[in-house]
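Novice: My questions concern the predicted model and sequence given below.
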4 protein chains.
Amino acid sequence: GERMVLFSGPCAAESYEICIETGSKVKAICDKLGIDYVFKSSFDKANRTSSGSYRGPSKEGGLEILSRVKKELGVPVVTDVHESHQCAEVAEVADVLQIPAFLCRQTDLLKAAAKTGRAVKVKKGQFMAPEDMKYAVDKVKAEGNNNVFLTERGASFGYHTLVVDMRSLPIMRQFTPVIFDVTHSVQQPGGKGGSSGGQREFAPFLARAAAATGVDGFFIETHPFPEKALSDGPNMIPLHQMEEFLGMIKKYWELSKAY
Amino acid sequence: GERMVLFSGPCAAESYEICIETGSKVKAICDKLGIDYVFKSSFDKANRTSSGSYRGPSKEGGLEILSRVKKELGVPVVTDVHESHQCAEVAEVADVLQIPAFLCRQTDLLKAAAKTGRAVKVKKGQFMAPEDMKYAVDKVKAEGNNNVFLTERGASFGYHTLVVDMRSLPIMRQFTPVIFDVTHSVQQPGGKGGSSGGQREFAPFLARAAAATGVDGFFIETHPFPEKALSDGPNMIPLHQMEEFLGMIKKYWELSKAY
Amino acid sequence: GERMVLFSGPCAAESYEICIETGSKVKAICDKLGIDYVFKSSFDKANRTSSGSYRGPSKEGGLEILSRVKKELGVPVVTDVHESHQCAEVAEVADVLQIPAFLCRQTDLLKAAAKTGRAVKVKKGQFMAPEDMKYAVDKVKAEGNNNVFLTERGASFGYHTLVVDMRSLPIMRQFTPVIFDVTHSVQQPGGKGGSSGGQREFAPFLARAAAATGVDGFFIETHPFPEKALSDGPNMIPLHQMEEFLGMIKKYWELSKAY
Amino acid sequence: GERMVLFSGPCAAESYEICIETGSKVKAICDKLGIDYVFKSSFDKANRTSSGSYRGPSKEGGLEILSRVKKELGVPVVTDVHESHQCAEVAEVADVLQIPAFLCRQTDLLKAAAKTGRAVKVKKGQFMAPEDMKYAVDKVKAEGNNNVFLTERGASFGYHTLVVDMRSLPIMRQFTPVIFDVTHSVQQPGGKGGSSGGQREFAPFLARAAAATGVDGFFIETHPFPEKALSDGPNMIPLHQMEEFLGMIKKYWELSKAY
């Protein structure tokens, strides 16, 4: 596209306050840098490693928060769906429905999301070859919804480790626009015992690499205080670093427009 | 356990005729060899590579077939569930609810399956370290259901390839009984373009290896005419080879009781 | 073959005393169990993780020890070669020249080993597909030496981890006899910082799995006191456990003769 | 460093004519773009997949060609060494000795190369974690030679496939300068049967990604007519595309100086 897209917000919609603080600051940065912003937050972390982990504010509470943020900031919002019956209700608020990576082959979920008419953002499974994501795109398009895009977030590489194969970006862009998920690509699945670890220190490197390879946008979870976040703290980018971070990757993204 | 367990049947419940033919022959073999038999067939292949693939006879049609087979053969039956709302209805027929590998971290699905009181069989995700399957077991047990077991079916190894790490068997048996899925372990995900391929020729080798390593039972899809099967044909074991196949792995399984 | 083969001894030829103690005990076990025994020890660990690690008794010192063990026990001996110029001298003592896994594609080394007329045992590289080991076999045979066999010792699986793909055994046996290296298959490359770690607790499981899959023999490093060994302590089998260990895998090996 | 470094030339020193044509054109491009150029060509491809493959012009013939190119173009030259005894002779001509990836843990080879006083360029093994390359650097420095750098060329990812983990670049740069090997990173080991295949179409993507991640230089094999090259044709960059290719990655490299 003409402009870089950013999906960003706190991993879980922990509270209205956290969401509006994060969203308003990221929006201001995006306005300044000429980036299209979509607010992201999850109402339910449905596949946490262990059942004792925080799951989110529930669907009703989360949609309420998303709805307020959307209205107050005037930005579109994206959130995850996990089972097909949720799609219609979530689509009343969310402009983009995100299909989690583990669920990227669930035909019913893809179809239900597609039928809402909202944009559908499918994360590539950690177990998928990039060329096979074509079938996920096709499942959405078969419902008459061509507003679908894919997200790279790393592939399984032994245990507790993901690797980002940058070849996946041009391969998947043959089918549809592609977003690079900066913060989940540096996750370490199950690497902290009962929860997933993360290597935030590699986020700028992978984000620059993806921008140079060529993508349509980025997905970056951020939080005012990642160390206090209720999920994915070890890999989120601190909110106060976002302006510098986005300014950096925007330069590479601009350069890649020529290729 | 004292006796080897076998989960076996055609991948999809294509028709009552295919199911009863397969189930009755496998039951006769199991009776002869002293194996506990659970009839397996899916009513819905909910995560086929592409949306054009055959999905199954639908939930209603499939449960009807399972119910007839169960009654006529007098054996317990197992089938897959994909979304939490299906569990209660499926549990009216199925003695064992199987959680597909891609869905092994979906907390709601695990909980809903657990709450039915039926046995829950969780397949290990291709993206999971074996020790992290402890959390899936815990999610089931947290609902007061201790009748849970795990299934090994291979781990992602590059693209389009699975590898069975035999270490996973003793690791997971520390938590709960473990079944080895012979026929999905030789699958090649997406390896045939719009559907998954398979390497049936390696099934006897991996089955013997797992029996020697030590497992509580086996999962083997079989079909009278695999080449005509509507799903997973390339990896199913032909029905006429099952007696020899089971006789072979039973010998190794008996030997491993001592270790 | 008709009889199971065992390559065994301490990883490094630390001293004559350690070698003769180990070799004589293993020989007695093999005589009792009907196993063909080849004494193994290395004179030089030429690819230790860090240069501060113990390398061995030097070529001269090591060959002297091997020569004495060979004469006193009346058994053939195997040792590693690392550069082509070593082959002729080593072949004066060693009955089998072993090509290390990292060097399995070094054409000159394979040719020089082949030209000695001694048996050549090539370890499969951690980076190799099993079917590509055919070319290593061909390089030896091209020198007129048909006495070549291959060894499985695990494939790279992410970082610091190896996985044994049991399919590799029947694939490589299509070309030539195959040995399963029990103790290096449970190594963790570089997993202990400046040296490699090991998971000895998995050795019996993988050994049984390989025996059941079907192999021509085993490679097992052993030591009277592994915790005091100068290399590969974490994965060697304690000498006092070898009789039970070999008795166990022999049962599976016998069973597999039929398949 | 202050200037980007390029190691480039035909994979094998097929002939003086190919080498001087390639070297003079690349030198002219580097002069124009402000890149430090080191001519690269191998005298011996010592680890070809199969023994029937072309190996090179022999050490004597190859060093003669390298010597002429070096003198006529006034540029330093780099070539591979495979066994420790070659190092001294090769160092009479080569300014940089390159240690092949499979050999990156061979202590004697690293030491012999270090002792020549020439710069030593060690390729990271396909089986190595990036942090463990510290030990290879240490082995060179232990000989009093601090002129050592590392090269990334991909890690084993299942069979017949390499993946470039961009995290390896900042990890290894903690120890020493790092070069990104563009053309071997898109190799497919053994993927063409008796020789290795390649995916040249991904070279610009990975090169841009590495430049953005941050490296000290690049290694790019090039040839006037890759399809006629005697080795590595499927992954070499055509010579006539080199100016555009280098101009492209230089832009990203310049941008990354700030990070």
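Specialist: Alright, I've got the coordinates.
Novice: who's in contact with the nearest residue in space to A:Ala88 that is not next to it in sequence?
Specialist: Setting aside the residues directly before and after it, A:Ala88 is nearest to A:Thr116 in space (Cβ to Cβ, 6 or more residues apart in numbering or on different chains), at 6.1 Å. For the C-beta atoms, the positions are set from N, CA and C on the backbone; glycine is no exception. Contact analysis of A:Thr116 by Cβ atoms under 8 Å, 6 or more residues apart in numbering or on different chains lists A:Cys87, A:Ala88, A:Val90, A:Ala91, A:Leu97.
Novice: repeat for A:Phe157
Specialist: A:Val163, C:Gly158, C:Tyr159, D:Phe157, D:Val163, D:Asp165 are the contacts of A:Phe157 under Cβ under 8 Å, 6+ apart.
Novice: Can you tell me how far it is from D:Val215?
Specialist: Applying Cβ to Cβ, to the nearest Å, the value for A:Phe157 to D:Val215 is 21 Å.
Novice: any chance you could map the helices in the stretch 51-200 of chain A?
Specialist: A:58-73, A:87-91, A:107-115, A:133-141, A:168-173 (DSSP state H, counting those that start in this stretch).
Novice: a markdown table for those helices, including mean neighbour count?
Specialist: Shown next, in a markdown table, are the helices of the stretch 51-200 of chain A (neighbours: other Cβ atoms under 10 Å in any protein chain shown):
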| stretch | mean neighbour count |
| --- | --- |
| helix A:58-73 | 18 |
| helix A:87-91 | 19 |
| helix A:107-115 | 24 |
| helix A:133-141 | 23 |
| helix A:168-173 | 22 |
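Novice: can you redo those helices as TSV with mean pLDDT?
Specialist: Converted to TSV, the helices of the stretch 51-200 of chain A look like this (pLDDT from 0 to 100):
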stretch	mean pLDDT
helix A:58-73	94
helix A:87-91	97
helix A:107-115	97
helix A:133-141	97
helix A:168-173	98
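Novice: Need those in CSV (columns: distance to A:Gly52).
Specialist: CSV is the format used below for these (distance: least, Cβ to Cβ, whole Å):
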stretch, distance to A:Gly52
helix A:58-73, 17
helix A:87-91, 26
helix A:107-115, 26
helix A:133-141, 31
helix A:168-173, 33
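Novice: List the contacts of A:Val90.
Specialist: Residues in contact with A:Val90, defined by Cβ under 8 Å, 6+ apart, are A:Lys59, A:Leu63, A:Thr79, A:Val81, A:Leu97, A:Thr116.
Novice: Hmm, A:Val96 is touching A:Gly117, no?
Specialist: No. Applying Cβ atoms under 8 Å, one finds A:Val96 not in contact with A:Gly117, separated by 11.6 Å.
Novice: Mind checking which of those two has more residues around it?
Specialist: Applying other Cβ atoms under 10 Å in any protein chain shown to A:Val96 and A:Gly117 shows that A:Val96 carries more neighbours, namely 19 against 12.
Novice: In contact with that one, which residues?
Specialist: Contacts of A:Val96 (Cβ under 8 Å, 6+ apart): A:Phe7, A:Val38, A:Pro76, A:Val77, A:Val78, A:Arg118, A:Ala119, A:Val120, A:Lys121.
Novice: That one and chain D: what is the separation?
Specialist: Distance, A:Val96 to chain D, using Cβ to the nearest Cβ, to the nearest Å: 26 Å.
Novice: Now do the residue lying closest to A:Arg55 once chain neighbours are set aside: how many residues are near it, please.
Specialist: Once flanking residues are discounted, A:Arg55 sits nearest to A:Lys45: 5.0 Å by Cβ to Cβ, 6+ apart. By the measure other Cβ under 10 Å, the count of residues near A:Lys45 is 20.
Novice: If anything else comes up later, I'll come back, but that's it for now.
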